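**Student:** here are the coordinates; sequence isn't available:
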């Protein structure tokens, strides 16, 4: 709830209560005083009436008495009834059906003239006229209508209510004004604060606080805003610097990439052309001048050619590796299991003499570049196939397991395996854990695989035991749901 | 003179010798004109520069075009060949060491008829040359000479 509303409710409530109490008391006091005065008046009038009826009682002229009393009632709107009782016995009354016994009971046998308080709606005035008629227990009893008495005060009471109402309205207005004035500076402060709690100097000056608390709040907010502004500026500056640095690095990276590109291009042209020359002319020597060469000479030339071919292959592999780093990734939903089955089929058909048990489990699909993932699976199966060729009961298994970073796929073989000590060298380009005369290869395959996996946001690792086999695990960044 | 002349655009003399050897070994005995850079190739085709006055109605049956050339690159030569009415329909086979996708795409986009990689292994290279020679010089029916 607004502070203004709270203050208003409190002041308005207090004022209204006070006004109601005061006007209530005043109305009660006025009414009570009026009643007392009326009763006093009627006491006097009862004395006058007593004078009038005194002789008639002595004469026992009941008809005249009745007329007297009736005329009294007719004259006054306040007088309800009148009767004279002697020793608690009704003597004469204005009641058509006789005096109610309850009234008679209340008539004192003797005593001074008495004025009773109002009881219920009716009041009574009793005047003892015993002395006047020399007979004890004779009283003149007058019944008054309180409603009629009160009615005379109606205009006054109405004005009290009106004045009270006006006072309440005035009080509410006052409460409103006071609440507004008291809370204005707080309101101003609140509206001057932006949604971020900032307070600028211009807005702060417009508040002009009267209370020390609000003044203190303003200075606190101003200090805080200044600090925050400075912090925001610092952050902006830092961001700008960072962006500048990122742009710089991006440019450097772009330059490096362009250089790499140019380098790869140059390699593909300029390194291969001389090799082709060496190979071609070596062959030309064998073909054209073979008769002039002995076997040793021919062997040397063959070695030259083999070297060329091997170097050519290395260059091809290196280019492929650099291309994997540079090419764009187009992710699609890929079924690695299906891919592996096809590759396994190709290998089995290519070398029907080998018996290799392929076990391909059902695995979750992945979101990845199909061409690159095919290269991954091709390399993995190729390795498993190659390194398990000395095992007559070769077994290659492909499957997946659930890990915290999504499914991890694995290719497991029971081939030559490797020493875990060198596990970190497996994925380094041109690094090999076997001699070329044991198992042929360029040392590029797993490096390519790792690059593809890394470019997909995945991870690759391996476990192996020399002579028992190897397991290669990998994850692919974007899994298909 | 054989009608079916070949224009070999090749700056590397080793490659030139090997290509010619491969053609000869495969009994493709067509006349071979060698241009050693892109500008020379265009001079030959359009009868300008060193080839001023050449009868340009005698166009080669096939152009074997290397991409990596001094002065004017193979792709530039290809562009000029395709933009001139006289050579627009000339069969051009790109014969190059490059196996970059980019080169392949550019060559085909500029209107190369074929793209052949030159392998390091001469035996394979020789096989490629034989096949392309048989295809383009014997099997394929080129555009009519104007």
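**Tutor:** Yep, that arrived. These numbers were taken from a predicted model, which means no experiment stands behind them.

**Student:** for the most centrally placed residue in chain B, give me its contacts.
**Tutor:** Geometric centre of chain B, nearest residue: residue B:64, 1.7 Å, by Cα atoms, centre = their mean. Contacts for residue B:64 (Cβ atoms under 8 Å, 6 or more residues apart in numbering or on different chains) come out as B:6, B:7, B:8, B:9, B:10, B:19, B:93, B:95. Yep, even glycine has a C-beta here, placed from its N, CA and C like the rest.

**Student:** how about the closest residue to chain B within the stretch 1-150 of chain A, what does it touch?
**Tutor:** Closest residue of the stretch 1-150 of chain A to chain B, Cβ to the nearest Cβ: residue A:2 (70.7 Å). Residues in contact with residue A:2 (Cβ under 8 Å, 6+ apart) are residue A:183.

**Student:** check residue B:94 too.
**Tutor:** With contacts defined as Cβ under 8 Å, 6+ apart, the neighbours of residue B:94 are B:65, B:66, B:67, B:74, B:78, B:103, B:107, B:112, B:114, B:115, B:116.

**Student:** what about those, which are in strands?
**Tutor:** B:65, B:114, B:115, B:116 (DSSP state E).

**Student:** out of the residues you listed, which is most surrounded?
**Tutor:** If you count neighbours using other Cβ atoms under 10 Å in any protein chain shown, the busiest of these is residue B:65, which has 26 neighbours.

**Student:** from residue A:62, how far off is the residue nearest to the centre of chain B?
**Tutor:** Separation of residue B:64 from residue A:62 (Cβ to Cβ, to the nearest Å): 164 Å.

**Student:** with respect to residue A:436, which of the contacts of residue B:94 is nearest?
**Tutor:** Of all those, residue B:116 has the smallest distance to residue A:436: 30.6 Å, by Cβ to Cβ.

**Student:** list the contacts for the closest one?
**Tutor:** Residue B:116 makes contact with B:93, B:94, B:95, B:96, B:128, B:132 under the criterion Cβ under 8 Å, 6+ apart.

**Student:** in a helix, residue A:471, correct?
**Tutor:** No: read with DSSP: H, G, I helix; E, B strand; the rest coil, residue A:471 is strand and lies in no helix.

**Student:** so it is in contact with residue A:412, correct?
**Tutor:** Yes: Residue A:471 is in contact with residue A:412 according to Cβ atoms under 8 Å; the separation is 4.5 Å.

**Student:** more neighbours: the two, which one.
**Tutor:** The neighbour comparison of residue A:471 against residue A:412 (other Cβ under 10 Å) goes to residue A:412, with 19 against 16.

**Student:** wait, the more buried one touches residue A:465, no?
**Tutor:** No: contact criterion Cβ under 8 Å: residue A:412 and residue A:465 do not qualify, at 11.8 Å.

**Student:** pull up the overlap in contacts between these two.
**Tutor:** Residues touching both residue A:412 and residue A:465 (Cβ under 8 Å, 6+ apart): there are none.

**Student:** what about the residue nearest to residue A:417 when sequence neighbours are not counted, neighbour count?
**Tutor:** Among residues not flanking residue A:417 along the chain, residue A:464 sits closest, at 4.4 Å (Cβ to Cβ, 6 or more residues apart in numbering or on different chains). Residue A:464 is flanked by 23 other residues according to other Cβ under 10 Å.

**Student:** just residue A:253 next, same as before
**Tutor:** Look at residue A:253: counted by other Cβ under 10 Å, it has 11 neighbours.

**Student:** now do it against residue A:259, distance only.
**Tutor:** Per Cβ to Cβ, residue A:253 is found 11 Å from residue A:259.

**Student:** toward the C-terminus, what is the element adjacent to the strand or helix carrying residue A:306?
**Tutor:** Using DSSP states H and E, residue A:306 sits in helix A:295-326. Per DSSP H and E, the first helix or strand lying C-terminal to helix A:295-326 is strand A:332-334.

**Student:** enumerate the residues of chain B near chain A.
**Tutor:** For chain B, the residues in contact with chain A (Cβ under 8 Å from any Cβ of the partner chain) are B:12, B:14-15, B:17-18, B:21, B:68, B:96-100, B:118-123, B:125.

**Student:** write a PyMOL command that selects only the buried members of those residues.
**Tutor:** Buried residues among the residues of chain B next to chain A (16 or more other Cβ atoms under 10 Å in any protein chain shown), as a PyMOL selection:
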select buried, chain B and resi 12+15+17+18+21+68+96+97+98+99+100+118+119+120+121+122+125
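
**Student:** return the subset of the residues of chain B next to chain A lying in helices.
**Tutor:** Counting by DSSP state H, the residues of chain B next to chain A place B:14, B:15, B:17, B:18, B:21, B:122, B:123, B:125 in helices.

**Student:** against residue B:40, how distant is the second one?
**Tutor:** In this case it means residue B:15. Taking Cβ to Cβ as the measure, residue B:15 falls 15 Å from residue B:40.

**Student:** before we move on, what about the fifth one?
**Tutor:** Here the criterion is Cβ to Cβ. By it, residue B:21 lies 21 Å from residue B:40.

**Student:** now do the same for the closest residue to residue B:98 other than its chain neighbours: its pLDDT.
**Tutor:** The shortest distance from residue B:98 to any residue other than its chain neighbours is 5.3 Å, reached at residue A:268 (Cβ to Cβ, 6+ apart). The score at residue A:268 is 71. That number is its pLDDT.

**Student:** and residue A:268, how many residues sit next to it?
**Tutor:** 24.

**Student:** go ahead and confirm it touches residue A:319.
**Tutor:** Yes: using Cβ under 8 Å, residue A:268 makes contact with residue A:319 at a distance of 5.5 Å.

**Student:** residues in contact with residue A:105?
**Tutor:** residue A:88.

**Student:** quick one: which helix or strand includes it?
**Tutor:** Element membership of residue A:105 [criterion: DSSP H and E] is helix A:101-106.

**Student:** give me the domain ranges for chain A.
**Tutor:** The record assigns chain A these domain ranges, following automatic domain parsing: A:3-155, A:328-475.

**Student:** could you dump those domains to CSV with distance to residue A:189 and mean pLDDT?
**Tutor:** CSV is the format used below for the domains of chain A (distance: least, Cβ to Cβ, whole Å; pLDDT from 0 to 100):
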stretch, distance to residue A:189, mean pLDDT
domain A:3-155, 11, 80
domain A:328-475, 51, 89
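
**Student:** JSON lines please, covering those and showing distance to residue A:315.
**Tutor:** As requested, those are arranged in JSON lines below (distance: least, Cβ to Cβ, whole Å):
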{"stretch": "domain A:3-155", "distance to residue A:315": "82"}
{"stretch": "domain A:328-475", "distance to residue A:315": "10"}
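
**Student:** hmm, back to that, who wins for neighbours among the contacts of residue B:64?
**Tutor:** Counting neighbours by other Cβ under 10 Å, the top entry in these is residue B:9, with 29 neighbours.
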